[in-house]
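In: here is the input, now give the coordinates:
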Amino acid sequence: MNPDSVKLKLKLPSGAEFEAEGGREFVAAEKDSFLAIAKECGGPAGIQRNEAPEVGKTIAIWQKIAGIRDNSIILKAKAPDPADAALIIAAIAQISAGISPYSSLELSKSLKKSGYFRGRIDRLVAGEIRNGRITATGTKRNRAYQLTPKGLARAFVAASKLANELPD
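Out: Sure, this is the predicted structure:
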C-alpha cells in the first residue's frame, strides 16, 4: 500500500456501509458524499434501523438510473458491485413497479440485460441474505427475493451514488 494512501471503512447503525481506499483528499470527499446521503435519508446517524428511505426521494433517482426494456428493469449505468446492482433492481421493482417479491428469473434477466454476469443469482445474493438485506422464498426455479428495510436503505445509498455518476 502506498504510504500516502489511506483506507477507511464505516458502518452506520442502519447497516449502510462505506469503504474507500486512496489518497486522503479522495477518501475524505467520498466519505463526505456518503455521510451527506445518509443524512438526507434519515438524520446524522443515517437511516434508522428498520426504516426504508422515503419513497418520494427515491423516485427521481430510480428514473435517472434505470429504465424498462423488454419488460425487464435495466440499469443505465453500471454499479461497481453486481450485488449492489441486484439490490437496486429489486428496490426499483418493489417501489416503482410494486412487484414484491421479485422472482429470481426476472432478477437474472434484468442483470443480464444490464450487462452483468451470467452466473447464478442465488450465489450472488447469498451475502445479502446473510447480512439481512434480502429475504428469499421458494426453491430452485420458484425462488423469489424481497428487500428488507435494511436492504432498501443499502439500495438507496448505492442508487444515489450511481445517479451522481451520471450526467444530468
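
In: going forward, measure contacts and count neighbours with C-alpha atoms only.
Out: Will do.

In: Leu12: neighbouring residues, count only.
Out: Leu12 has 16 neighbouring residues, counting by other Cα atoms under 10 Å.

In: can you show me the helices along this structure?
Out: 24-42, 55-65, 82-95, 104-113, 121-130, 149-165 (DSSP state H).

In: of those helices, which is nearest Ala136?
Out: Proximity to Ala136 (Cα to Cα) singles out helix 121-130 among those, at 7.4 Å.

In: still on that earlier bit, would you turn the helices of the chain into CSV with mean pLDDT?
Out: Below are these laid out as CSV (pLDDT from 0 to 100):
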stretch, mean pLDDT
helix 24-42, 74
helix 55-65, 66
helix 82-95, 88
helix 104-113, 89
helix 121-130, 89
helix 149-165, 85
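
In: can I get those helices in JSON lines with mean neighbour count and distance to Leu12?
Out: Output for the helices of the chain, formatted as JSON lines (neighbours: other Cα atoms under 10 Å; distance: least, Cα to Cα, whole Å):
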{"stretch": "helix 24-42", "mean neighbour count": "16", "distance to Leu12": "9"}
{"stretch": "helix 55-65", "mean neighbour count": "16", "distance to Leu12": "20"}
{"stretch": "helix 82-95", "mean neighbour count": "23", "distance to Leu12": "17"}
{"stretch": "helix 104-113", "mean neighbour count": "19", "distance to Leu12": "28"}
{"stretch": "helix 121-130", "mean neighbour count": "15", "distance to Leu12": "16"}
{"stretch": "helix 149-165", "mean neighbour count": "23", "distance to Leu12": "11"}
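
In: residues near the residue lying closest to Pro101 once chain neighbours are set aside, how many?
Out: Nearest residue to Pro101 in three dimensions, chain neighbours excluded: Gln146, at 4.5 Å (Cα to Cα, 6 or more residues apart in numbering). Using other Cα under 10 Å, Gln146 has 23 other residues around it.

In: residues in contact with Gln146?
Out: By Cα atoms under 8 Å, 6 or more residues apart in numbering, the contact list for Gln146 reads Ala90, Gln94, Ser100, Pro101, Tyr102, Ile134, Thr135, Ala136.
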